[in-house]
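Trainee: Need coordinates for the below:
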Amino acid sequence: MLIKVFGSAVFGVEATTITVEVNIDKGIGYHLVGLPDNAVKESSYRIAAALKNNGYSLPGKKITINMAPADLRKEGSAYDLTLAVGILAASGQIKADEVAKYIIMGELSLDGSLQPIKGVLPIAIKAKEEGFKGFFLPKQNVKEAAIVAGLECYGLENISEVIDFFEGRGTIEPTLVNTREEFYKNLEFPEFDFNDVKGQEGIKRCMEIAAAGGHNIILIGPPGAGKTMLAKRLPSILPPMTLREALETTKIHSVAGKIKNIGLMNQRPFRSPHHSASSVSLVGGGSFPQPGEISLAHNGVLFLDELPEFKREVLEVMRQPLEDREVTISRARFTITFPSSFMLVASMNPSPGGYFNDPDAPVTSSPHEMQRYMSKISGPLLDRIDIHIEVTPVPFDKLSDTRKSESSVEIRKRVTKAREIQTQRFEEYEHVHYNAQMSSRQIREYCKLDDASLQLLKTAMERLNLSARAYDRILKVSRTIADLDAAINISPQHISEAIQYRSLDREGWLG
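Mentor: Prediction:
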């Protein structure tokens, strides 16, 4: 008897429906075809034990299973439940009338219990698009799938539950999630708040500008000045994610297996890889490509602490994703694109010893050592960072001040207003949402300068020997400062403030 059941395979952040055809005939043997990998081939042992331990059996006949389309590689253990239900239906051990209406996925343990799988959200979205009635999957993943409205999602703990469902014994209730309620929960209570930071008002202003325009920023200062503390609080002042952004972000984390029974992500991600990270872990890849840190930081913040400690080749692979806001991984048989629209926040000490031109510093570095240290970061990468700012240690009177600083919620209100101005400005452009994403053409259109501003910028360009890309960065940052002031035109004060945020271009910095 021939039966068709349906599973799904995830490539990049999109799912493809897999038709599992199970045919049982006279003879003996178990034949699994359709480019399965070793984890899929080993499923026969897990299925046999799971069925036996739940009162069923693997039929002693010739079982032929085809996973179509046969030219796509099938990877992982998530097809165990799909294959098991197909075998039971084809051998007549359960009713097969309703089986083809559902996507069925899950990894089986030997006792029939189900283990969580990856990529549930893209699978659920595809199932809804293709008109499936429902989705059977492990209970640990069901909140994530239930985000998709109009698809019945059943969380299972054991294979016996899906068998009882198709046999009409007992009932499983589909899991319901109010997506909007889930999304707006805990938006106003950030874990890290700017009111914890003493002093550093100038740096907070920089952070506000960076958040308002989506600009990349690098913090340069000695140990203990508060660089990491400030960076961790940046997501708390970014505008709340839209529902579309939340779905995009959740989908990427779902593919990477990072969703732990939380349903929809409503907080912007903050990723902070260690400086020993490889280029593949940062941009993604592998024989079966998975998203890297820059994609896991999509719609959020990627924090690179101690930037010069990263290998130079690792940093260089970020140059293209920083411009294109996506990373394309090419293999001989396929190409996968992962979104990577993130804010880069980097921090570094100004020298190997941690201090710069400080005669009272406990550790000093020679000019040669500083040159070598700073040269670890290439000029083209620094050009892609809009804001360079020096962080100085907080004096004692500020540290001992018991007054609360301005909260993240207050700063975020101003940031959100500036972002609303930008959203309105770029509403006709599909891939531009804030100032940092402007192309050269849009910079010419929206960053027009009067004579005084133009003369000021010309003087700065000549004196600091800035590149053409740095010129664009200054214009983008000045446009954001003007938006925070709700100003229609960029004025000289906006330009002068933006020029201040190019510390690494000024005289006195080596590298």
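
Trainee: Quick check, pLDDT for Y184.
Mentor: Y184 carries a pLDDT value of 66.

Trainee: Report the secondary structure element holding Q371.
Mentor: Element membership of Q371, judged by DSSP states H and E, is helix 367-374.

Trainee: tell me how far the next helix-or-strand element following that helix is from the chain's mean position?
Mentor: Following helix 367-374 in sequence order, the next helix or strand is helix 379-383 (DSSP H and E). Helix 379-383 sits 23 Å away from the centroid of its parent chain (Cα atoms, centre = their mean, to the nearest Å).

Trainee: Just the C-alphas of helix 379-383, formatted as CSV.
Mentor: Extracted C-alpha coordinates of helix 379-383, given in CSV (Å, rounded to 0.1, in the frame of the first residue of the first chain):
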residue,chain,number,x,y,z
GLY,A,379,41.0,51.5,7.2
PRO,A,380,38.1,50.2,5.0
LEU,A,381,36.5,48.6,8.1
LEU,A,382,36.9,51.8,10.2
ASP,A,383,35.3,53.8,7.3
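
Trainee: Can you point out the buried residues in it?
Mentor: For helix 379-383, the neighbour count (16 or more other Cβ atoms under 10 Å) marks L381, L382, D383 as buried. Just so you know, the C-beta spots here come from the backbone N, C-alpha and C atoms, and that holds for glycine as well.

Trainee: What of stretch 466-474?
Mentor: L466, A470, Y471, D472, R473, I474.

Trainee: List of residues touching it?
Mentor: The contact list for stretch 466-474 (Cβ atoms under 8 Å, 6 or more residues apart in numbering) reads 215, 379-380, 383-386, 440, 443, 457, 460-461, 495, 498-499, 502, 505.

Trainee: what's the spacing between it and its chain's center?
Mentor: Relative to the chain's own centre, stretch 466-474 is displaced by 28 Å; criterion: Cα atoms, centre = their mean.

Trainee: now swap in stretch 234-253 and tell me
Mentor: Its chain's C-alpha centre and that of stretch 234-253 lie 9 Å apart, by Cα atoms, centre = their mean.

Trainee: TSV please, covering the buried residues of stretch 466-474 and showing secondary structure, pLDDT and distance to S77.
Mentor: What follows is the buried residues of stretch 466-474, written out as TSV (DSSP: H, G, I helix; E, B strand; the rest coil; pLDDT from 0 to 100; distance: Cβ to Cβ, whole Å):
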residue	secondary structure	pLDDT	distance to S77
L466	coil	75	54
A470	helix	77	50
Y471	helix	85	53
D472	helix	86	49
R473	helix	87	47
I474	helix	91	52
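
Trainee: Would you point out the most distant pair within the residues you listed?
Mentor: L466 and D472 (10.0 Å; Cβ to Cβ).

Trainee: contacts for the helix or strand harbouring E462?
Mentor: Using DSSP H and E, the element containing E462 is helix 451-464. With contact meaning Cβ under 8 Å, 6+ apart, helix 451-464 is reached by 449, 466, 471, 474-475, 490-492, 494-496, 499, 502, 505-507.

Trainee: Please indicate which of these are buried?
Mentor: 449, 466, 471, 474-475, 490-492, 494-495, 499, 502, 505.

Trainee: wait, I147 sits on L247?
Mentor: Yes. The pair I147 / L247 is scored as a contact, 7.3 Å apart, by Cβ atoms under 8 Å.

Trainee: So for those two, which sits in the more crowded spot?
Mentor: The neighbour comparison of I147 against L247 (other Cβ atoms under 10 Å) goes to I147, with 26 against 18.

Trainee: quick one: contacts for the more buried one?
Mentor: Counted by Cβ under 8 Å, 6+ apart, I147 has contacts L121, A124, V177, T179, E182, L247, T250, G263, L264.

Trainee: do that again at 6 Å, thanks
Mentor: Shown in contact with I147 (Cβ atoms under 6 Å, 6 or more residues apart in numbering): V177, T179, G263, L264.

Trainee: quick one: which of those is most hemmed in?
Mentor: Among the contacts of I147, L264 has the most neighbours (other Cβ under 10 Å), with 23 neighbours.

Trainee: if we can go back for a sec, could the buried ones among the contacts of helix 451-464 be laid out in a markdown table, adding distance to V280 and secondary structure?
Mentor: As requested, the buried ones among the contacts of helix 451-464 are exported to a markdown table (distance: Cβ to Cβ, whole Å; DSSP: H, G, I helix; E, B strand; the rest coil):
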| residue | distance to V280 | secondary structure |
| --- | --- | --- |
| L449 | 43 | strand |
| L466 | 34 | coil |
| Y471 | 34 | helix |
| I474 | 34 | helix |
| L475 | 35 | helix |
| I490 | 41 | strand |
| S491 | 46 | coil |
| P492 | 46 | helix |
| H494 | 41 | helix |
| I495 | 41 | helix |
| I499 | 38 | helix |
| R502 | 32 | strand |
| D505 | 32 | helix |
